[in-house]
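Novice: build me a model:
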Amino acid sequence: MDSQYWVVGAMFGGHEDQLATFLRRGYWYCWDPKENKEIPQAAQNLFPKMKAGDRIAVKKMLGTGSRNIAIRAIGVITEVELNEWRVYVRWLVDDLQREVPIKGCMGSIHGPFEPSDWRDSVFSI
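Specialist: You can find the predicted model right below:
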């Protein structure tokens, strides 16, 4: 099966940047049951589709009205833990500030993305 491509966020509540923790611990997750009792609908729908071998890119919003996002890190999912809503990641690049068009990626999790020039610009190393 071919790898899928996902764009995810790292800002909890729009202001708590978790990227350094994700990079240090080798994972990404989009929902913390201690903070929120309800799982966001997008996470419920999309998270279970993530698989080992998929590509993941962490993005950051660039402010109100911006048509771009910043890609901050790129990795490969090594394991999916459905009970914890967490994926373990082998981070390949962790110090990016690559601007790409937003393409609707304003929430916690987006994808999988079909092949396109945009996808290539996000995931190129």
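
Novice: partners of the helix or strand of the chain with the lowest mean pLDDT, with directions?
Specialist: Within the chain, no helix or strand scores below strand 11-12, which has a mean of 82 by mean pLDDT, DSSP states H and E. Counting by DSSP bridges, the strands paired with strand 11-12 are strand 16-17 (antiparallel).

Novice: would you mark the buried spots in the helix or strand just after the partner strand?
Specialist: The first helix or strand that comes after strand 16-17 along the chain, using DSSP states H and E, is helix 19-25. Buried residues in helix 19-25, counted by 16 or more other CB atoms under 10 Å: 19, 22-23. All C-beta atoms are positioned from the backbone trio N, CA, C, and that covers glycine.

Novice: helices or strands up against whichever helix or strand comes after helix 19-25?
Specialist: Next along the chain after helix 19-25, taking DSSP H and E as the criterion, comes strand 27-29. Secondary-structure packing of strand 27-29 (3 or more CB pairs under 8 Å, 6 or more residues apart in numbering; DSSP states H and E): strand 86-93.
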